[in-house]
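Visitor: everything below, folded, please.
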Amino acid sequence: MKPDQITVDDVIRFAEENEGRPFFTLARGSAFTIGLTKVGIKYLLPSGSYYPVNRELIGEYLKDYNTSALGERELTTIYSGTKFESSYIARTLSEIRNERALRERFDEEREILGAPETMRRALFLARVGQGQFRDDCLATQSGCYVTGIKDSRFLRASHIKAWKDSTNEERLDRHNGLLLSPTYDHLFDRHLISFEDDGQIIVSLAVPANVIKALRIDVGVRGRAFSGETRAYLAVHRGELRRLEMLFTTGSGATGIVATARRKKKAVKSKDKRRGRRRSRFKTVDNQGTVVERVRNRYED
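Guide: Coordinates of the predicted model:
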């Protein structure tokens, strides 16, 4: 099971540990509490009514959730059918993710505290791209790898191999660092961009064409070739970009943004049909060379 995936047992365990605890839905802020049943969980509302969700239905929700784009997982529209309880399950799954993130952070802090005293301060500073790690990057790199900015006030020392996946030695290794300006640091940290060993930038398919244009990302930019030590870290970074990219664009059957688009298309077609309007969709290529879907409206008497 991948770390960003949630299982039915995870949901049951969460309900057991948080039974009676008040929550609010993500979109409308509706209050509810969670509880257990013999066959699954239930969501109790202030009015006294409740929605039971058995293990099989939880599994159906998770099928959509685990294969959807990370940025869309808190949207109730990703769930097939969009049943009444989907807003409650969306909050539940969001809470499970948040608890995992907190546990990971605590584990990292404990690992740092367990390191030798001489290494402890360096690790704390490196965690936020400061201290000796940043100084080493500034000393060995001429500026932002993409833009060439040299003013250190506008540079961040980003870890190539994610902090949580690195050993203490790798966290302090200057070869695992890359100087980037804030915008590119943000994209790189979230594996939305990466680099080939020869310096060619890679832009994830998860970045929309309009965002690429607005940020003025030069998809043809190529910096200097990376050293052998850095290439090993970059291979890991590219692998994670590809994994997240696959989650965003594909899956079993129609998933991720594809599934969401199809469900929305079905809902729009049904609604428009009642109003006497039919929509047809076709694909074309925009002036950036990106395949996009267009809509043609046709009205009927």
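Visitor: residue ranges of the strands in the stretch 1-150 of the chain, please?
Guide: Here the stretch 1-150 of the chain has its strands, by DSSP state E, counting those that start in this stretch, at 22-24, 31-36, 40-44, 50-54.
Visitor: quick one, which of these gets closest to Gly199.
Guide: For Gly199, the closest of the strands of the stretch 1-150 of the chain is strand 22-24, at 47.3 Å, according to C-beta to C-beta. For every residue, glycine as well, the C-beta is placed using N, CA and C.
Visitor: elements contacting the closest one?
Guide: When contacts are defined as 3 or more C-beta pairs under 8 Å, 6 or more residues apart in numbering; DSSP states H and E, strand 22-24 packs onto strand 31-36, helix 86-113.
Visitor: least confident of the ones you listed, on average?
Guide: The minimum mean pLDDT among the helices and strands packed on strand 22-24 belongs to helix 86-113 (a mean of 75).
Visitor: low-confidence ranges in the stretch 1-150 of the chain?
Guide: Screening the stretch 1-150 of the chain residue by residue with the criterion pLDDT under 70, one finds the ranges 1-3, 27-28, 69-85, 102, 104-131.
Visitor: same deal with the stretch 151-300 of the chain?
Guide: When residues are selected by pLDDT under 70, those of the stretch 151-300 of the chain lie in 249-300.
Visitor: which residues in it form strands?
Guide: Remark: strands of the stretch 151-300 of the chain, listed N- to C-terminal, are 156-159, 177-180, 193-195, 201-203, 277-285, 291-299; assignment by DSSP E, counting those that start in this stretch.
Visitor: tell me which strands and helices the fourth one is in contact with?
Guide: Under the contact criterion of 3+ C-beta pairs under 8 Å, 6+ apart, the helices and strands touching strand 201-203 comprise strand 193-195.
Visitor: if you set the cut-off to 10 Å instead, what comes out?
Guide: Strand 201-203 makes packing contacts with helix 182-189, strand 193-195, helix 209-214, helix 228-249 when contacts are defined by 3 or more C-beta pairs under 10 Å, 6 or more residues apart in numbering; DSSP states H and E.
Visitor: which among those is found nearest to Glu99?
Guide: Shortest distance between Glu99 and the helices and strands packed on strand 201-203, using C-beta to C-beta, is found for helix 228-249: 20.8 Å.
Visitor: what's the angle between that closest one and helix 182-189?
Guide: Compare the direction of helix 228-249 with that of helix 182-189 by axes from the mean of the first three to the mean of the last three C-alpha atoms, to 10 degrees and you get 80 degrees.
Visitor: from Val39, how far out is Ile6?
Guide: Here Ile6 is placed at a distance of 19 Å from Val39 (C-beta to C-beta, to the nearest Å).
Visitor: quick revisit: save the helices and strands packed on strand 201-203 as JSON lines, and put in distance to Thr147 and mean neighbour count too.
Guide: As requested, these are arranged in JSON lines below (distance: least, C-beta to C-beta, whole Å; neighbours: other C-beta atoms under 10 Å):
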{"stretch": "helix 182-189", "distance to Thr147": "7", "mean neighbour count": "18"}
{"stretch": "strand 193-195", "distance to Thr147": "13", "mean neighbour count": "23"}
{"stretch": "helix 209-214", "distance to Thr147": "15", "mean neighbour count": "13"}
{"stretch": "helix 228-249", "distance to Thr147": "19", "mean neighbour count": "17"}
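Visitor: surely Pro52 is in contact with Gly40?
Guide: Yes. Using C-beta atoms under 10 Å, Pro52 is in contact with Gly40, at 6.7 Å.
Visitor: looking at the two, which is more packed in?
Guide: Relative neighbour count places Gly40 above the other of Pro52 and Gly40, with 18 against 14, counting by other C-beta atoms under 10 Å.
Visitor: so what touches stretch 214-222?
Guide: Taking contacts as C-beta atoms under 10 Å, 6 or more residues apart in numbering, the residues outside stretch 214-222 that touch it are 145-147, 183-184, 186-187, 192-193, 195-196, 198-203, 207-208, 211-212, 288-289.
Visitor: ugh, typo on my part, it should be stretch 26-35
Guide: Under the criterion C-beta under 10 Å, 6+ apart, residues 11, 14-25, 41-47, 50-53, 74-76, 85, 87-92, 94-95 lie in contact with stretch 26-35.
Visitor: next, the distance between the ends of that stretch.
Guide: Start-to-end span of stretch 26-35 (C-alpha to C-alpha, to the nearest Å) is 19 Å.
Visitor: same check on stretch 142-161?
Guide: Chord length of stretch 142-161, first to last residue, is 21 Å (C-alpha to C-alpha).
Visitor: name the residues of it that are buried.
Guide: For stretch 142-161, the neighbour count (16 or more other C-beta atoms under 10 Å) marks 143-146, 149, 155-161 as buried.
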